[in-house]
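Q: Build me a model:
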Amino acid sequence: MHLDGTTPLWIAATVLVYARGEELFRRGEKAATTLDAEDIHDLRVASRRLREGLALFASCYPPAVISAVDKRVKKVTRFLGDIRNTDEAILFFTALAAELDDSCRRDLETFLATCHDDRERTVRGLESGLRKIAAGRLSDLYLRTLHSLSLFTPPDNGIDLFSPLSGFAKDALDQRLSTIRELLPQAREPGAIEAQHRLRIAVKHFRYRMELLSFLVRAEYPLLHGLVKGYQDVLGTMHDLDVFSGIVREAGFPAGTEKMILDAMDAKRGKLFLNFSGMLVAQPLEQIGERVRDLV
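A: A predicted model of the protein is given here:
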């Protein structure tokens, strides 16, 4: 169905939330069949996108109904989190092992063998959960949520379900952008790990909301989306390094090996922060967000 800025809000909400749900169930069926790392990652992203769709249009639905389905979808996201973290750790430490000396490499290979064993155990636990997603139990709740939108009993919050999407979309993007604005000053500081982590989450939410409303941004969408994703990627890799540093400290490496690994990781994080700082100068994040908002 064709959507644009003049589309009534209730139609846009129904179509867009439905599309995100269908993506989740489609990817769930595939992941349950393949158990492939990339398919599992895609399923987790799909769950986050559906949650953003629910958050975007929550004001159009009864709060209790939205809350119920969001909690179920959030369980999917968390359920898939452990294996995603393990897969990312395996990729990172495999690459790092190739960069370090032989003694450090041997210790990392032993550590990686443990990671692979952990993944196998996690996958065995995943199979039944993925089958539940594919079986449609969540699908039933999700469809009931879509059908709970009532044009003749409008929400108590006063929202006009017949109003054009464009004004609603501008406000919705500005809500996500305001969080980014609040976090940017502190996140610019090199040691502000918590602020950078929170900014990563804020950028991710903005990106998913932008993807939902991509048809309103039109021709400039590929460029602007690429810039936002660039910020998410660099902040995400910085966060991964912070998490992996904690794993290294708890892994029981020999002191010399631990120091060598942590020093290499600190150097990588430092370069990433310099990239992040350069991006803020060359393509200011706030201005990108404002451009997206102004185009809808």
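Q: quick one, what contacts Val76?
A: Applying C-beta atoms under 8 Å, 6 or more residues apart in numbering, one finds that Val76 lies in contact with 24, 28, 43-44, 47, 133, 138. Backbone N, C-alpha and C define where each C-beta goes, glycine included.
Q: Could you do Phe162 as well?
A: Each residue near Phe162 by C-beta under 8 Å, 6+ apart is listed here: 8-10, 151.
Q: where does it land on pLDDT?
A: Here, the pLDDT recorded for Phe162 equals 94.
Q: So it lies in a strand, does it not?
A: No. Going by DSSP: H, G, I helix; E, B strand; the rest coil, the assignment for Phe162 is coil, not a strand.
Q: just the contacts of Val76 now: which is nearest Glu250?
A: The nearest member of the contacts of Val76 to Glu250, counting by C-beta to C-beta, is Arg44 at 24.1 Å.
Q: Next up, the contacts around the closest one.
A: Residues in contact with Arg44 (C-beta under 8 Å, 6+ apart) are 76-77, 80-81, 84.
Q: Okay, now the unreliable bits of the stretch 1-150 of the chain?
A: In the prediction, the stretch 1-150 of the chain carries residues with pLDDT under 70 at positions 132-137.
Q: how about the helices in it?
A: 9-34, 37-56, 63-79, 81-97, 102-135, 137-147 (DSSP state H, counting those that start in this stretch).
Q: Please identify the deepest-packed of those.
A: Scoring the helices of the stretch 1-150 of the chain by mean neighbour count under mean count of other C-beta atoms under 10 Å gives helix 37-56 as the most buried, with a mean of 21.
Q: what's the angle from that helix to helix 81-97?
A: 130 degrees (axes from the mean of the first three to the mean of the last three C-alpha atoms, to 10 degrees).
Q: Just send the helices of the stretch 1-150 of the chain back as a markdown table, with distance to Gly191 too.
A: A markdown table is the format used below for those (distance: least, C-beta to C-beta, whole Å):
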| stretch | distance to Gly191 |
| --- | --- |
| helix 9-34 | 37 |
| helix 37-56 | 28 |
| helix 63-79 | 29 |
| helix 81-97 | 22 |
| helix 102-135 | 26 |
| helix 137-147 | 41 |
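Q: what's the closest of the ones you listed to Leu223?
A: Closest to Leu223 of the helices of the stretch 1-150 of the chain, according to C-beta to C-beta: helix 37-56, at 20.8 Å.
Q: how distant is that closest one from the center of its chain?
A: Distance of helix 37-56 from the chain centroid (C-alpha atoms, centre = their mean, to the nearest Å) equals 7 Å.
Q: what do you get for stretch 186-200?
A: How far stretch 186-200 lies from its chain's middle: 17 Å, per C-alpha atoms, centre = their mean.
Q: on that earlier part again, of the contacts of Val76, which is the nearest to Leu272?
A: Out of those, the member with the shortest distance to Leu272 (by C-beta to C-beta) is Arg44, at 22.5 Å.
Q: Check whether Leu141 really touches Val69, as I assumed.
A: Yes. Leu141 is in contact with Val69 according to C-beta atoms under 8 Å; the separation is 5.3 Å.
Q: follow-up on the earlier one: would you check which pair of the contacts of Phe162 lies furthest apart?
A: Greatest spatial distance among the contacts of Phe162 (C-beta to C-beta): Leu9 and Leu151, at 10.6 Å.
Q: where do the contact lists of these two overlap?
A: With C-beta under 8 Å, 6+ apart as the test, Leu9 and Leu151 both reach 161-162.
Q: contacting residues for Pro254?
A: Going by C-beta under 8 Å, 6+ apart, Pro254 touches Asp107.
Q: Give me the phi and psi for it.
A: phi -60, psi 150 (degrees, to the nearest 10).
Q: what's the answer for Phe57, then?
A: Main-chain torsions, Phe57, degrees, to the nearest 10: phi -110, psi 20.
Q: Nearest residue to it in space, please, no chain neighbours.
A: Of all residues beyond its chain neighbours, the one nearest Phe57 is Ala13 (4.0 Å), with distances taken as C-beta to C-beta, 6 or more residues apart in numbering.
Q: OK, contacts around the one you found?
A: Neighbour list for Ala13: 57, 60-61, 149, 161 [criterion: C-beta under 8 Å, 6+ apart].
Q: The same query, at a cut-off of 10 Å, please.
A: Residues near Ala13 by C-beta atoms under 10 Å, 6 or more residues apart in numbering: 7, 53-54, 56-61, 146, 149, 161, 165, 168.
Q: Looking at those residues, which is nearest Arg198?
A: Nearest to Arg198 among these: Leu56, at 20.0 Å, using C-beta to C-beta.
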